[in-house]
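Generate coordinates for the sequence data below:
(one chain, ligands or ions: 2)
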Amino acid sequence: MAVRDILIIPDKRLRLRSEPVKAADARLRVLVDDMFETMYAAPGIGLAAIQIGVAQRVIIMDLAKKDDPPEPQVFINPEVAWVSDEKSTYEEGCLSIPEYYEEVERPRAVKVKYLDLEGKPQEIEAAGLLATCLQHEIDHTNGVLFIDYISKLKRTMVMKRFKKAAKQTGGGKPKSEDLSDDKEPSHHIG
Ligand code: K1U
Ligand code: ZN
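Residues are numbered from 1 along each chain as shown. Ligands and ions are numbered 1, 2, ... in the order given. This is a model prediction of the structure:
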């Protein structure tokens, strides 16, 4: 198992549409193991394979509460089969847009069809955080980011901030100070 690097915006690979998984084989299990190790290390509550640079339709999540036993969930080739008319709003974050949180409105409940790790078809009906997280992760498999649902002004500002940070770090994970809007260098006193 390995912790893999998480792609950060403006990395163009985050805009790719991922390919369906063809076989539930040992390679898929290695990918899923690496994804869990990467998500728990981050830490996060969900991850899509494209976030570690693998354009395959694989998403994982673990929504267990802190100090409760882990509840790892894997969804292969997930598809939204139904959404509720009722909406709900949740303050979302994204491991590919670190330290940026914004409220997003989405359908409150969804039905998702997917394959499990054995390649068996499954279906889940979800509401609340699970529904939000499923939609967020399935969006990643289609090259969609949660900032696509916020105002153009906010999106432009966040893209500008991350483009600047990418220039400074060469595209790696930015440090907190690289993401601040401060004009002064971080060692400046007074
Ligand atoms: O897909 C991702 O980038 C992961 C993302 C999932 C997500 C969060 C919130 C709403 C929808 C989807 C994250 O995990 S961001 C980090 C986060 O939410 C978190 C981190 C540590 C503890 C609790 C939450
Ligand atoms: Zn995300």
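
Show which residues not belonging to the one helix or strand residue 132 maps to make contact with it.
In the assignment (DSSP states H and E), residue 132 maps to helix 128-141. By C-beta atoms under 8 Å, 6 or more residues apart in numbering, the residues outside helix 128-141 that reach it are 14, 17-18, 45-51, 57-61, 63, 75, 78-80, 88, 90, 92, 94, 96, 104, 106-110, 112, 124, 126, 145-146, 148. (C-beta placed from N, C-alpha, C; glycine too.)

again, but for stretch 150-168
With contact meaning C-beta under 8 Å, 6+ apart, stretch 150-168 is reached by 8-11, 97, 100, 102, 104, 147-148, 174, 178-179, 181.

Can you show me the strands along the chain?
Per DSSP state E, the chain carries strands over the ranges 46-48, 58-62, 72-83, 87-92, 102-107, 109-115, 121-127.

Need the winner for burial among those strands.
Among these, strand 46-48 has the highest mean neighbour count (mean count of other C-beta atoms under 10 Å), at a mean of 27.

and the residue nearest the centre of the chain, how far is that from ligand 1?
Nearest to the mean C-alpha position of the chain, by C-alpha atoms, centre = their mean, lies residue 47 at 4.6 Å. Separation of residue 47 from ligand 1 (C-beta to the nearest ligand atom, to the nearest Å) stands at 6 Å.

now residue 91
Residue 91 sits 8 Å away from ligand 1, going by C-beta to the nearest ligand atom.

Quick check: beta-bridge partners of the residue nearest to residue 82 when sequence neighbours are not counted?
Leaving aside its chain neighbours, residue 82 sits nearest to residue 111 (4.0 Å; criterion: C-beta to C-beta, 6 or more residues apart in numbering). For residue 111, the beta-bridge partners under DSSP bridges are residue 82, residue 125.
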